[in-house]
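Novice: Structure for this input, please:
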Amino acid sequence: MDSCYYFETQPMYWKLSRFVCRTNGGDLAVLSSQLEHDMVIGSFNVIGEIWLGGLYNDTTASWKWINGEPFIFDNFVSDIHSVSGQAVFITSRSESKDRKWTGSDINNKKMSLCEIFP
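Specialist: As a prediction, this is how the structure comes out:
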């Protein structure tokens, strides 16, 4: 885990969240292992829902990270229903103590986890 991470606590739509992260030298976070997920999420005391850098791809009927990495690790809730126009977000602490992921329409507002690259 060579990247640095920060939270944008102002709720925003997914595309605006990505724009803000990119404006600050990074992008929405890609969490590609359980260790990375646990370290990043455990380092912050953020309670609400948080956008990540994953999108559902209709063509391949699968989730894709914005950096092109495959979803080798995922932390999705067991009953996720993937549909076009969804992005990955981390559920709120009240919904899931271990901060499971699910999908949401990109036009919903959530906080953002940004990843700054070395």
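
Novice: Can you tell me the closest non-neighbouring residue to the spatially most central residue of the chain?
Specialist: Central residue of the chain (CA atoms, centre = their mean): L52, 1.4 Å from the mean position. In this structure, L52 finds its nearest non-sequential neighbour in V88, 4.5 Å apart by CB to CB, 6 or more residues apart in numbering. For glycine as for every other residue, the C-beta is placed from the backbone atoms N, C-alpha and C.

Novice: repeat for P11
Specialist: Among residues not flanking P11 along the chain, K109 sits closest, at 3.9 Å (CB to CB, 6+ apart).

Novice: Return the distance of that neighbour relative to N45.
Specialist: From K109 over to N45 the distance is 20 Å, taken as CB to CB, to the nearest Å.

Novice: what's the answer for C21, then?
Specialist: 20 Å.

Novice: which one of those two has more residues nearby?
Specialist: For C21 and N45, the more surrounded residue by other CB atoms under 10 Å is C21, and the numbers stand at 23 against 8.

Novice: hang on, the more buried one packs against I66?
Specialist: No. Using CB atoms under 8 Å, C21 is not in contact with I66, being 10.0 Å away.

Novice: Pull up the overlap in contacts between these two.
Specialist: 27-28 (CB atoms under 8 Å, 6 or more residues apart in numbering).

Novice: How about the contacts made by the residue nearest to P11?
Specialist: Neighbours of K109 in contact, by CB under 8 Å, 6+ apart: 11-13.

Novice: Tell me which of the residues you listed fall in helices.
Specialist: The helices, defined by DSSP state H, take in nothing from the contacts of K109.
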